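**Q** following is a predicted model, sequence given first.
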Amino acid sequence: MAHDLALGAGVCRVIYLDYQATTPLAPEALDVMLPWLRDGYANPHSAHAAGRKAKAAVEFARGQVAALLPPGGRVVFTSGATEALNWAIKGTGGEMVTLATEHAAVLDTVRSESRAGRNQTVLSVERDGLVDLSKLRDATWPGTGLVAAMLVNNEIGVVQPIAEIAEMAHRADALLLCDAVQGYGRVAIPTGCDLIAISAHKIYGPKGIGALWIRDGVRLEPMLHGGDQEGGRSGTLSPALCAGFGRAAGVMAERREDDAAHLERLWTRAIDRLGPGWHINGSTRDRYHGNLNIRRDGLDVARLMSDLRDIAFSAGSACASGSGRSSHVLRAVGLTEAQARSSIRLGFGRYTTEPELTEAIDRIIAAADAQQNSGGIAA
């Protein structure tokens with residue numbers, strides 16, 4: 001469905017196609033949050049009755065979140081996936097191996113740890129966005145402490161072979177950190193992971209809360225000190241955010257088949273509408289179908305977005321949108337600077353309707369054609 005978004009002093013009707021940046025808040029999640037925002041203000045770490053009631057809500061939510069994760073580990077709530085990834089990387093030791101297409105929360109943290117003296121290896125990927133497992137095997141050896149790989153890439157939707165990556169990490173006695181933010185609740189997470197980072201606002205939950213799943217027996221050095229409320233992670237939890245996260249995870253489980261079928265219909269509709277001249281970035285086989293990253297060589301994306309202000313789509317990761325740089329992911333899969341800057345990402349999901357997706361794609365194509373006819377795109 002289209003959304004009414006407050007823009008300045010007015011409200012604008014927008015077709016929202018930026019689900020990788022964030023998802024709309026599920027009504028079910030909002031409903032369970034409101035009582036805790038309004039009345040449930042007790043600290044869940046307090047021993048009195050109101051605090052114990054708040055703690056019970058937190059623990060119920062923890063179970064809901066854990067139900068979509070492998071068995072044999074515990075869920076630690078964090079302020080978001082960025083904190084979870086930072087903690088997982090900084091809380092381990094040894095050499096680090098990761099991929100050039102990882103999220104900035106991984107790559108920047110790895111670089112920071114490297115400046116502090118830990119060795120790092122950042123592996124290139126193939127043109128389809130997948131890691132060459134033989135290169136990974138050569139890069140992991142005794143002394144490697146951590147291998148970090150994303151389940152579903154946030155920019156191009158490519159699904160990495162996490163089970164095989166985990167197996168190679170374990171052969172070197174290393175831990176496998178999986179950034180499952182884009183895949184949690186949608187793509188199966190292999191049991192071989194040792195650490196899994198997730199985020200509520202990518203599964204129709206609230207912003208400001210995520211989690212790190214830690215396999216039993218794995219110990220991390222704390223990153224935040226001051227109370228140890230979460231057993232390795234300090235800070236007062238919000239019952240409202242935890243409850244919203246938990247309910248969003250529960251709805252993901254309840255709607256898994258319906259959401260997947262809806263997504264396939266949307267993907268098919270989108271592919272059918274796109275004509276010649278549009279190219280899909282990344283693998284078309286090993287891919288999550290809620291992410292359509294496409295390019296049209298010579299396209300002026302800034303002009304396109306200006307012409308279509310009532311369609312919310314992306315030119316890359318929201319985290320780097322203000323940097324002025326082209327996508328590091330698109331460059332890593334071999335696109336030229338010009339090709340990377342001629343790419344857009346369409347993200348859709350539960351609340352996207354087929355008519356609005358059709359309208360948006362038809363208008364994007366028409367605007368791109370208008371650029372070409374005016375000389376903005378080389379034929």
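**A** On my side now, so go ahead. Treat the numbers as computed from the prediction; the structure is a model and nothing was measured. Numbers count the residues shown, from 1 in each chain.
**Q** where does pLDDT dip in the protein?
**A** Low-confidence segments of the chain, defined by pLDDT under 70: 1-12, 316-324, 376-379.
**Q** phi, psi of the residue nearest to G73 when sequence neighbours are not counted?
**A** Nearest residue to G73 in three dimensions, chain neighbours excluded: R215, at 4.5 Å (C-beta to C-beta, 6 or more residues apart in numbering). To be clear about C-beta, it is placed using only N, CA and C from the backbone, and glycine gets the same treatment. Phi and psi for R215, reported as degrees, to the nearest 10, are phi -60, psi 140.
**Q** which ones are touching R215?
**A** By C-beta atoms under 8 Å, 6 or more residues apart in numbering, the contact list for R215 reads 72-73, 193-195.
**Q** now that we have those residues, which one has the most neighbours?
**A** L195 (26 neighbours; other C-beta atoms under 10 Å).
**Q** all strands of the stretch 151-300 of the chain, in order?
**A** Using DSSP state E, counting those that start in this stretch, the strands of the stretch 151-300 of the chain run over residues 175-179, 195-199, 210-215, 279-280, 291-295.
**Q** now the first one against strand 210-215, angle please.
**A** So the one you mean is strand 175-179. The directions of strand 175-179 and strand 210-215 differ by 150 degrees, with axes from the mean of the first three to the mean of the last three C-alpha atoms, to 10 degrees as the criterion.
**Q** pairing partners for strand 175-179, with directions?
**A** Strand pairing for strand 175-179, determined by DSSP bridges: strand 144-150 (parallel), strand 195-199 (parallel).
**Q** what helices or strands is the helix ranked longest in the chain leaning on?
**A** In the chain, assigned by DSSP state H, the helix with the most residues is helix 354-373. Contact analysis of helix 354-373 by 3 or more C-beta pairs under 8 Å, 6 or more residues apart in numbering; DSSP states H and E lists strand 10-16, helix 256-273, helix 301-307, strand 311-312, strand 343-347 as its packing neighbours.
**Q** starting at the chain centroid, how far to it?
**A** Relative to its chain's centre, helix 354-373 lies at 26 Å (C-alpha atoms, centre = their mean, to the nearest Å).
**Q** quick check: the residue nearest to G232 when sequence neighbours are not counted vs A370, distance?
**A** Computed as C-beta to C-beta, 6+ apart, the closest residue to G232 that is not its neighbour in sequence is P222, at 5.3 Å. Distance, P222 to A370, using C-beta to C-beta, to the nearest Å: 55 Å.
**Q** swap in F348?
**A** F348 sits 24 Å away from A370, going by C-beta to C-beta.
**Q** more neighbours: these two, which one.
**A** F348 (28 against 14).
**Q** wait, a strand at T98?
**A** Yes: the assignment for T98 (DSSP: H, G, I helix; E, B strand; the rest coil) places it in a strand.
**Q** so who does it touch?
**A** With C-beta under 8 Å, 6+ apart, T98 has these contacts: 106-107, 110, 120-123, 147-149.
**Q** try 6 Å this time
**A** Counting by C-beta atoms under 6 Å, 6 or more residues apart in numbering, T98 touches 106, 110, 122, 148.
**Q** which of the strands of the stretch 151-300 of the chain sits most buried?
**A** Stretch with highest mean neighbour count among the strands of the stretch 151-300 of the chain: strand 195-199 (a mean of 29; mean count of other C-beta atoms under 10 Å).
**Q** okay, the strands paired with strand 175-179 in TSV with distance to P276 next?
**A** Compiled in TSV, the strands paired with strand 175-179 are given as follows (distance: least, C-beta to C-beta, whole Å):
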stretch	distance to P276
strand 144-150	31
strand 195-199	37
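**Q** go through the ones you listed and name the closest to T353.
**A** Closest to T353 of those, according to C-beta to C-beta: strand 195-199, at 24.9 Å.
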